[in-house]
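> Would you be able to build a 3D model of this:
(4 chains, ligands or ions: 12)
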Amino acid sequence: MTEKKTPLLDELESGKWPSFVTEIKRAAVKSEAAGELLQVLERSYAERRGHWKHGGIVGVRGYGGGVIGRYVDEPQTYPHVAEFHTIRLLQPSGWFYNTKTLRTVCDIWEKHGSGLTNMHGSTGDIILLGCKTDQIQPIFDEFSEAGFDLGGSGSCLRTPNCCVGPGRCENACYDTLEACYNITNEFMDELHRPMWPYKSKIKFSGCANDCTSSIARSDCSVIGTWRDTLRIDQDAVKEYVAKKFDVQGMVCDKCPTGCLTFNADTQELSVVGEDCTRCMHCINMMPKAVRAGKEKGATILIGGKSTIVQSAFMSWVIVPFMKMETEDDFEPFKDLMRRIWEWWDEHGKSRERIGETIYRLGMTKFLKGIEVEPVPQMVFRPRANPYVFWDQDDLDRSGTALDGSKL
Amino acid sequence: MTEKKTPLLDELESGKWPSFVTEIKRAAVKSEAAGELLQVLERSYAERRGHWKHGGIVGVRGYGGGVIGRYVDEPQTYPHVAEFHTIRLLQPSGWFYNTKTLRTVCDIWEKHGSGLTNMHGSTGDIILLGCKTDQIQPIFDEFSEAGFDLGGSGSCLRTPNCCVGPGRCENACYDTLEACYNITNEFMDELHRPMWPYKSKIKFSGCANDCTSSIARSDCSVIGTWRDTLRIDQDAVKEYVAKKFDVQGMVCDKCPTGCLTFNADTQELSVVGEDCTRCMHCINMMPKAVRAGKEKGATILIGGKSTIVQSAFMSWVIVPFMKMETEDDFEPFKDLMRRIWEWWDEHGKSRERIGETIYRLGMTKFLKGIEVEPVPQMVFRPRANPYVFWDQDDLDRSGTALDGSKL
Amino acid sequence: MAVLDQGPPHYKKMLPPIIQENYGQWKYHEIPQPGVLKHVAESGAALYSVRVGSPRLVSIDFVRDLCVIADEYCDGFLRFTTRNNVEFLVSDEAKLNPLLDALNAKGYCVGGTGQSISNIVHTQGWVHCHTPATDASGVVKAVMDDLYEYFNTMVLPAKLKMGLACCLNMCGAAHCSDIAIVGVHRTPPRINHDVIRKGTEIPSLVASCPTGAIRPDPKNKSVIVNEDKCMYCGNCYTMSPGMEIYDPKNDGIAILIGGKTSNARSAPSFSRMVIPFLPNTAPRWPETTEAIRKIIELWIANAQKGERVGEWVERIGWEKFFSLAELPFSDMLIDDYIFSRETFRTSASFKY
Amino acid sequence: MAVLDQGPPHYKKMLPPIIQENYGQWKYHEIPQPGVLKHVAESGAALYSVRVGSPRLVSIDFVRDLCVIADEYCDGFLRFTTRNNVEFLVSDEAKLNPLLDALNAKGYCVGGTGQSISNIVHTQGWVHCHTPATDASGVVKAVMDDLYEYFNTMVLPAKLKMGLACCLNMCGAAHCSDIAIVGVHRTPPRINHDVIRKGTEIPSLVASCPTGAIRPDPKNKSVIVNEDKCMYCGNCYTMSPGMEIYDPKNDGIAILIGGKTSNARSAPSFSRMVIPFLPNTAPRWPETTEAIRKIIELWIANAQKGERVGEWVERIGWEKFFSLAELPFSDMLIDDYIFSRETFRTSASFKY
Ligand code: SRM
Ligand code: SRM
Ligand code: SRM
Ligand code: SRM
Ligand code: SF4
Ligand code: SF4
Ligand code: SF4
Ligand code: SF4
Ligand code: SF4
Ligand code: SF4
Ligand code: SF4
Ligand code: SF4
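Ligands and ions are numbered 1, 2, ... in the order given. I've put the predicted structure just below:
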C-alpha cells in the first residue's frame, strides 16, 4: 500500500456525516487499488477534474452487460487502477439482506476486487467498485455459485427495483417485492443481453407516495393504487382529534380534490369516494385512521427518464388500473411490457428512450402499436391544437380526387 | 337583382338572433353583387363548401395592404361578384361613433360597394365586404376625404385595437383609447407598408380582465396594471355585506393568492398588498368597494397568436410594469416596439410570428437583442433543464485548448 | 388625391359629452338588468349602456337603423364592443326605458352582460373566405338562436365566451374561448400541379407544412404530399391555391372548451378539444348546437358560482368531465404536437 | 461454470421472521423518534426500523460492521433504503434502546425519517466516472455535515429530498428533487481528431447533439462544433472519448429546487434552476453548502406546515422566491429548450 499524503481528502474525514474517505482508507488497508484510488482522487480534488476513461467493452461469457469498463487516464502512474471496472449485481427485492448473504458479498469482493462498494447504486444494483479485467469472469463465477447474478448495463432492461412494500409498509397496494423478483426473472434475457435502442428501466412503488421515485427514474413506473374508496376508521379519527391533531387544517384543507369533510361536532371524517384521486395525503397524515380501499392494483406509467437528450421526462399513465396479483404471475403486465418493448424496438432511434420515441411519434401510434385503448386518464387535459390525424379509411373519400380534379 | 330561391338560407331568417341572411337580402335590394352573394352562399350551403378564391394582389396607390382580393370561383355564373374584395378601414379607438360618421361610412360604401359590412372585423377594422377592383382607389379616395384611412393586411403591423377603457370603465389603468390612437398614428408606415416576416398585432386592454383578449389575439399585449396596493372602501364593503353578498365565499376564497381577509365581525376586508397579483377578481366582484391602486401603468407581453404553425401561443411578460402616460406620448413603449420589430425583422423567418421566432431562438437572444433585463416576472417558473448557454467571454478559457491538447 | 397615413378618425369626436366630461373618472358600475350597464362617475354622473346583439355581417341599412335609434335616445352616439355587439350610450336616464321599449318593439336582442352568453366572435366562412371548412355566420346564427335564453338573462355560473373560426387560421381567435367552434378539414390537400408550376414558390410551400409532409418533386416541378404526415391544417393552401383542401364530404366542426383570456382568478388558458368532429349539417348544424347545449347545461348544473367553464373542468378533472358529459374519448384528443408532453398525465393521481 | 440468468437472490430468504409472519398485514406506523419507525401489524406485532446514514461509498468492512450489529440486535436482518440508508430491523422491542445506544456509541448517524433531510441520492463523481463536472461523495459529505441538524431531528416543514448528479446524465435522478445539486460543464468539448478518426461513428456522434451543434467534417474525417450552439451537455463525450468536456477552471455546480416525485397533494414536478453556477471549491464546496442552507432556512421560515419546497415556492410564486432568497435572476434561468414555452408567464398576474 502506498503511503502518500491526501491532505484535501483528509479534510472530509471530519464532521458528523460518515466519511467515504475513511471508507476508502479502510479498503486501502487491504487493497492497493483502493490506495491508488485515494491518490487519483486527491489529485482530482487538487486539479478539480476527473481522471477516469471509458474504454473497451468488458464482460462475462454469455452476457452483453453487467460490467462497466473503467480505466485511469495515467495507467503508468497508477498501475493498480489501470483497470478498475464496476460489477453490477442484482440486489434482492427491497434491499433486504440476511447477514450471511451480505458477508458472502464481502468475502468474494475482498478476494477479487478493491473492497469498495456502493450499497447500492442509483438504479438499485449492488455496485462493486473496481476490479481488473481478468478478475471479471472469476468474480461472476463465484457470485453465481453463491446465488447472485449480474445486473443490467447497456441498451437493455436495467435492474428493476422496488420499495419495501408489503415487507414493512401498510400502504402497499400490491406485492412490490414479489413483482420485482418475478418480473426481473421473467426478463432475464432482456436484462442480460442488450438489444434495444437504449436502456429501459422499471421501478415498482407500492403506492402513490412513490418511494422509489419511479415516475422520474424509470421508463416504466408501476405505482400501487385502488379502485374503490379509501377506508376511514372513525374511532381512530377521534383519537387523532383527542391528541389535538388539526384534521381540518392538515388533512381536509390540503386534500387536492377537496373531497374530504371533517365534521367537528361528530368528529367524523368523510370522503366523496369518486372524487378522490388517491394522492395518499390523508393516509400519510393519519395512518391509523385512513387507509386504501380493498380493490387494489397498480397504475402503469410510461416514459420517465433524466435530462439527456430531449429533456427529463416523467412517466405518464397508460393503464390507469391493472390488477397486480401474485396468483396470475403478473401476466397482464408482462404481456404489456413485451408489446411496449417490441413497439419501441421497431420504432425507436438509437439512444432514444421510449418516452422520447412516443413523444416523437405521438401517443396515437404508440397506443395502436401496443393495443391499448385511449382513456382520459392518460392526459392531464386534451390537446389544445386542432391538429388531429384522421384514419383516411374511416372517411368517405369518394368526393375527393388526389390529382386535383374537380368533384 | 336576381330573384333566385334560397331555401336553405331562408331557414336562417327565423329564430331570435338577428339574421345575417336578412341582412344580405336587405343589401341585395340595392346591390346586385349582394344578390349574387346570396346565390353563391346558397350553393355553399347545398354543397357544403366555399366558392371563393384568393388571387392577384389588389390595393391602392402608396400602400402595400388594406385590401383583401377576393374572387368567386365561377365568374361567368356570378359576374357581379367575380371581383368581391374587402376594404379594411381603421376604426376609431374603442369603436365609438357619432352617427354622422357612421352614416358617412354607409353612404360611401353604398355608392361603391355591396352595402355589406362587418362592424367589425375580428382584428378590429371596419370591414367593407365586397367591391370591384376598379372601385378600390375611388373608395379609398372618398374615405380619405372623409377622414378615414385603410387598415392593415399582409406582413405588417395590423390594425391595433383597444377596450373601451377610460371612456366608460372604472378599471382602466391607462388611457387605452389614446394609446391606441397615438400609437397607431406613430406606426403608419409599419401598418400601411408590409415589410416584415409576417403580421404583427397590438391590442390594448385597460386591465387584467383583458376585454380585448389581447393575450391570445395579439403579438404584443398591453395590459393595464398598477404598482402599489389596491384600494378598499370599507363603507362600501359593509354595504355589500348588508345586501347579503358572500364576501368570504365569492371574493376571499377565490382570490388566487389568498391575500384577502374578511373580518366577519368588523365587516372589514383587508389585503396583503405585496402578495396580490392584480388578477382583478375582487375588483370585479365588488366594483363599488375595491379598486386598483394609484400608481398605474401597463404590463407588456409578447408573442400571442393563433394556431398556425407552431401551435397557438399566448403572450408572455417582457416588461412587468411600464408607465403609460399620455404626456410622454408613450415614448418608452414606442421605443420598445421598434427594438422588438427590428430584432424580429432581422431574425424571423418568412411567415414566422414573433412568438415563434423567440421560441426558436430563445428568450436570452431576444432579451439581449431588445436590450431588456431578464426578471423572474417573465416566467411562471425557471428552466427545468440544465442546458444553460454561457457567454464564453465571461469564463476563464486559459485552461482549455480547442485542439484537444492537454492542460 | 387621398391623404396617406392620416390614421383612424379621432375617437374624441366620437365620445358623447358625458364621456368627455367624465373621461377616466368612472367609479363603479352596476348591471341593473340584462343588457344594461350603469356606469357611475366620481362626479355622480351616470351613463347607461344598452347592449344589443348584432349578426356582424350586416347591411348599411342595419347601420343606418342603429343611427336613427342613437339619434333619438343617445344624442347620436353609440359604440361597438370587442364582441361586435352594439352599445347604445344613454346619458339621460329618462331615455333608458323608452329606448329599451323601442328596441324590444323592433325585435332587437338586448343582453350579453354579466353571467350570460354574449355574441360569438366569428369570421367569414363561406360568405367571403377561401379556406373555410365550415360557414361562420350560419353556425353562429344557429347556436345563438338555440342558446338565446342565456343571452338575455344572467343565470349562468359565470360569463360564457364563445368563438368560432372557420379554419385553423383561427381568425375568430377561438383558441382561448370557453367554447370554441372550429372548422376542420380532414383530408389532405389535392395538388393541382398546373397551378403549382405556374405561380408557387416551392421552397416556401415546403416550409409551410408544420409536419414536414410536403416535399419537392423536382421532376414534376411540383410537390408531393406524404398523406400519412398530413393533419389537414390547410397552411399549404394558404401558401398556394394549388393545394386545394376543402372537401364537402369530410369537412366539419371540432369543439374545444375551457379557454379564457382574462386573468381573473386563474391564468389565461387554451381551449381543449373535446369533440374532434361534427358534420356540416347546413343550414342549422343541429349536431353542433346540441353538443354545445349539452356542455353548457352540464356546466350550469355542476359548476360553482363564479366558475368559468375551464375553471370548473380543471377543478373536477378532465377525466371526470368526459364521464359526466358522456363524450367518447379517443386518441384524436391526445396531443401529439410540439407541446404534447405537458398534457400527458405525469402523475398517478386521477379519477376513474 | 456460472449459471446464467438465475436472477437476484430470493428476497424471501432475506426477510426476518416478523416480516414473514406479517407480510402484507401491516396496519399503521408511527415515528417514535427521529430515525426510528414503528410498524404495527394487524396481528399486533411491532417491527422497529432504525435508519442509519451511509456514505454509500463504503468498504466491505463497513458492511461487515453492519452485519455484526444486525446479528446482535436484529437476528441477522437488515435492509437498505431507496436513498441508500441502512435500516436495522428490530423485532424485539427490548433490543431497540440498546441498539440505539450502541449506534450512538459507535458514531453512527440515526435519522432521516419524517420531516427531515435524508441521505442525498448521488453518484460516482471523480471517484469512478469519466464525465463528471464535479465530485459526488465529497459534495454530499460537505452538505450533509453542514445540514446534519436536520437529519437527526424532524423539525422541517416537510420531508426534504436532495439529489446530486455529477453530470447532466443525472444518474442521481436529481431532476425531481426538493434540492438538486447538478454538476455542469460550461465550455464546449475539445475535439481530439485522432481519437475521433480512430474509433467514432461520426453519424451517431452528430446525432447525439441535442442542439445540432456538431457537424461532420468529411475532409478531416472528424467533426466540427459550432460553439455558439453548444450548451456543454457532454452527450457527445458519452458518445466519443474524442470530445473531451471536462474543464477544471469552468466546471462546477448548478442548484435546482422544488421537484418532487410523490403524488401527495400535488403532482410530481421537476426541479427548477435557481443558481446556474457555483465553483468546484474542493474539498468542502462552501459556496454550495451555504447556498443550500440559505434556501432551506428560508423555506423553514416561510413555508406552511406540511409544505414541500416546491409547493411552497409555487404558492408564493417564483418571482417572490427570488426576491426573498435575494438570488440574482438572469437569462440563464429562463428555459430556451423544447418545452420552454410552457414556462413563460402567459399571464398578466404576478408579484413585484
Ligand atoms: C452507478 C450509477 C451511479 C451511481 O453511483 O449510483 C450510474 C453510473 C453511470 N451512468 Fe447512470 N448510473 C446510475 C444510475 C442512473 C440513473 C438513476 C436510476 O436508474 O434511477 C439515471 C437516471 C434515470 C434514467 O435512466 O434516465 C442514469 C442516467 C444515465 C444516463 C442518461 C440516460 C438518459 O437517457 O438520459 C447515462 C448516459 C448513457 O447511458 O449513455 C448514464 C451513464 C452512466 C455511466 C455508465 C456513464 C459511463 O459510461 O461512465 C456511469 C458509470 C459510472 C461508473 O463508474 O460505473 N446514466 N443513471 C447508477 C447505476 C447503479 C446501479 O446500477 O444501481
Ligand atoms: C376578416 C377577418 C375575419 C373576420 O371575419 O373578422 C380575417 C380574415 C382573414 N384572415 Fe385572419 N382575419 C381576421 C382576424 C384574425 C385574427 C383575430 C385577431 O386579429 O384578433 C386572427 C388570430 C390572431 C392572430 O393573429 O394569430 C387571424 C389569423 C389569421 C391567420 C393565421 C395567422 C397565424 O400566425 O397563425 C391567417 C393566415 C395568414 O395570414 O396567412 C389569416 C388570414 C386571413 C385571410 C386573409 C385569409 C385569406 O387569405 O383569405 C382572411 C381574409 C378573409 C376575407 O374574406 O377578407 N388570419 N385573423 C379578421 C380581420 C378583420 C379585421 O381586420 O378587423
Ligand atoms: C364592452 C366590453 C369591452 C369593450 O371594449 O368592448 C367589456 C366590458 C366590460 N367587461 Fe369585459 N368586456 C368585453 C369583453 C371582454 C372579453 C373579451 C371577449 O369577450 O372576447 C373578456 C375576456 C374573455 C375571457 O376571459 O375569455 C372580458 C373579461 C371580463 C371579465 C373577466 C371575467 C372572468 O371572470 O373571467 C370581467 C369581470 C366581470 O365581469 O366580473 C369583465 C368586466 C367588464 C365590465 C364589467 C368592466 C366595467 O367595469 O365596465 C364591462 C361590462 C361587462 C359585462 O358585459 O358584463 N370583462 N370582457 C366587451 C364586451 C364584449 C361583448 O359584447 O360581450
Ligand atoms: C424506506 C423508504 C422506502 C424503501 O423502500 O426504502 C420509505 C419509507 C417510507 N415512506 Fe417514503 N420511503 C422512502 C423513500 C421515499 C421517496 C423516494 C426518495 O426519497 O428518493 C419518496 C418520494 C420523494 C419525493 O416525493 O420527492 C418518498 C415519499 C414518501 C411520502 C410522500 C411525502 C410527501 O408528502 O410528498 C410519504 C408520506 C409521508 O411521509 O407522510 C412516505 C412515507 C413513507 C413511510 C411512512 C411509509 C410507511 O408507512 O412505512 C415510510 C417511512 C417514511 C419516513 O422515513 O419518514 N414516503 N419516500 C425510503 C426511505 C429513503 C430514505 O432512506 O430516506
Ligand atoms: S411507495 Fe407506498 S407502499 Fe411503498 S414504501 Fe412508500 S409508502 Fe410504502
Ligand atoms: S387520498 Fe388525496 S385526494 Fe383522496 S381523499 Fe385523501 S387527500 Fe383527498
Ligand atoms: S379590460 Fe379592464 S379597463 Fe378595459 S374594458 Fe375591460 S375591465 Fe375595463
Ligand atoms: S386582485 Fe386578485 S390577487 Fe389581488 S387581492 Fe384581488 S383577488 Fe386577490
Ligand atoms: S378562419 Fe380561416 S376560413 Fe375563416 S376567415 Fe379566417 S382564414 Fe378565412
Ligand atoms: S394541410 Fe397542413 S399538414 Fe397537410 S400538407 Fe398542407 S401544410 Fe402540411
Ligand atoms: S451523473 Fe454523469 S458523471 Fe455522475 S456517475 Fe452518472 S454519468 Fe457519471
Ligand atoms: S456538449 Fe452537448 S451541446 Fe455541446 S457539442 Fe457536445 S452534445 Fe452538443
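
> Excluding chain neighbours, what is closest to the most centrally placed residue in chain A?
With distances taken as C-alpha atoms, centre = their mean, the residue of chain A nearest its centroid is residue A:203 (3.8 Å). Of all residues not flanking residue A:203 in the chain, residue A:214 sits nearest, at 3.4 Å (C-beta to C-beta, 6 or more residues apart in numbering or on different chains). All C-beta atoms are positioned from the backbone trio N, CA, C, and that covers glycine.

> so who does residue C:117 touch?
By C-beta atoms under 8 Å, 6 or more residues apart in numbering or on different chains, the residues touching residue C:117 are C:144, C:147, C:150, C:151, C:156, C:160, C:162, C:296.

> which residue does the stretch 1-150 of chain C bring closest to ligand 11?
Going by C-beta to the nearest ligand atom, ligand 11 is nearest to residue C:133 of the stretch 1-150 of chain C, at 50.3 Å.

> Spatially nearest residue to that residue (excluding sequence neighbours)?
Per C-beta to C-beta, 6+ apart, closest to residue C:133 is residue C:183, 3.4 Å.

> Double-check that that neighbour belongs to a strand.
Yes: assessed with DSSP: H, G, I helix; E, B strand; the rest coil, residue C:183 lies in a strand.

> now it: how far from residue A:288?
Using C-beta to C-beta, to the nearest Å, residue C:183 is found at 58 Å from residue A:288.

> can you check residue C:279 too?
Shown here: residue C:279 relative to residue A:288, a distance of 58 Å by C-beta to C-beta.

> Ok, residue A:325 next?
Distance of residue A:325 to residue A:288, computed by C-beta to C-beta: 27 Å.

> same question, residue A:319
Separation of residue A:319 from residue A:288 (C-beta to C-beta): 32 Å.

> These two: which is more packed in?
Taking neighbours as other C-beta atoms under 10 Å in any protein chain shown, residue A:319 and residue A:288 compare with residue A:319 leading, 21 against 17.

> ok, the residue nearest to the more buried one when sequence neighbours are not counted - how many residues close by?
Spatially, and ignoring its direct neighbours in sequence, residue A:319 is nearest to residue A:300 (4.0 Å; C-beta to C-beta, 6+ apart). For residue A:300, the count of nearby residues is 25 (other C-beta under 10 Å).

> Just confirm residue A:300 is within a strand.
Yes: residue state for residue A:300 (three-state DSSP) corresponds to a strand.

> Identify all contacting residues around stretch C:282-293.
Contacts for stretch C:282-293 (C-beta under 8 Å, 6+ apart): B:8-9, B:11-12, B:44-46, B:48, C:135, C:138-139, C:142-143, C:145-147, C:162, C:179, C:181, C:253, C:255, C:275, C:278-279, C:281.

> buried subset of those residues?
B:8-9, B:11-12, B:44-45, B:48, C:135, C:138-139, C:142-143, C:145-147, C:162, C:179, C:181, C:253, C:255, C:275, C:278-279 (16 or more other C-beta atoms under 10 Å in any protein chain shown).

> Secondary structure class of the residue in chain C that ligand 1 sits nearest to, three-state.
Distances between chain C and ligand 1 by C-beta to the nearest ligand atom are smallest at residue C:346, namely 14.3 Å. Following three-state DSSP, residue C:346 is assigned to coil.

> ok, how many other residues are close to the spatially closest residue to residue A:360 that is not a sequence neighbour?
Distances taken as C-beta to C-beta, 6+ apart put residue A:352 closest to residue A:360, at 7.5 Å, once the chain neighbours are dropped. Residue A:352: 20 surrounding residues under other C-beta under 10 Å.

> ok, now the one 4 residues further on?
Residue A:356: 23 surrounding residues under other C-beta under 10 Å.

> which ones are touching it?
Each residue near residue A:356 by C-beta under 8 Å, 6+ apart is listed here: A:305, A:309, A:310, A:313, A:348.

> contacting residues around residue 315?
Assuming you mean chain A. For residue A:315, the contact set (C-beta under 8 Å, 6+ apart) comprises A:214-216, A:218-221, A:301-304, A:355, C:346.

> wait, I meant chain C there
Residue C:315 neighbours (C-beta under 8 Å, 6+ apart): C:304, C:307.

> I'd like the average pLDDT over the host helix or strand of residue A:355.
Using DSSP states H and E, residue A:355 sits within helix A:354-361. Across helix A:354-361, the average pLDDT comes to 98.
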